[in-house]
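[1] need a 3D model of the following:
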Amino acid sequence: MNSLPESRQQQILALLQTAETLSIRELAAELDVSQMTIHRDLNKLAENGLVLKMHGGVKLAAESIAAKPAAHTCGMCHQPISSRNAFILDCPDNEQIGACCPHCGLMMQCSENTPRVILATDFIYGHKTNALGAYYLIGSAVTVCCSPSVLAFASPEDGAQFQRGFGGDLMSYRQIQAYLRNIHLEGRHDEI
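    Numbering: from 1, shown residues only. Presented below is the predicted three-dimensional model:
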């Protein structure tokens, strides 16, 4: 059974993280849909500035997303956003929310529903990656922004290698999100 357009679009963005460019034919085969369906998905992604369509193919335009946030300060803690640690939520209401680091980005929500796309910046290579598939190192000896410091890695191998040198706990998207929510909820209870 074919997936929903939003899910397919997330899959397309994830596939483009590992390949510089993909053809329409390759995407249609990979996602088991028609080439016309891929064209419609790519048109939507291109409208939102997420991909660049080329003759017969597409490439990721993540850098144009990173340059596009409405504000240059974090939507959570109001610190300046550095491209080195930027975390971006592309919301359904066409609002784009930027965060200074994965810690803040993982705590933020769109005003309506779930984000269409969530991008984290890989700490080692500096490229944007699908935040849902990234791995996060919390509590390492490297502190770059908010506390507790959270660093994003596109691959679990890179995160584990960094962890061996600098300590901390490596977690998936769902694990780190639950962990941070628990920390913040406990903190609120202490204040009461």
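[2] tell me which helix or strand comes right after the helix or strand where residue 26 lies.
    Element membership for residue 26, per DSSP states H and E: helix 24-31. Following helix 24-31 in sequence order, the next helix or strand is helix 35-47 (DSSP H and E).
[3] what's that following helix packed up against?
    helix 5-18, helix 24-31, strand 51-54, strand 57-60 (3 or more C-beta pairs under 8 Å, 6 or more residues apart in numbering; DSSP states H and E). Placement of C-beta: from N, CA and C, glycine included.
[4] quick one on the thing from earlier: contacts for the helix holding residue 26 next, please.
    3, 8, 11-12, 15, 34-35, 37-39, 42, 56-58 (C-beta atoms under 8 Å, 6 or more residues apart in numbering).
[5] give me the longest helix you can find in the protein.
    In the chain, with assignment by DSSP state H, the single longest helix is helix 173-191.
[6] now that one: buried residues?
    The neighbour-count criterion (16 or more other C-beta atoms under 10 Å) identifies 173, 176-177, 179-180 as the buried residues of helix 173-191.
[7] for residue 43, give its distance to residue 8.
    13 Å (C-beta to C-beta, to the nearest Å).
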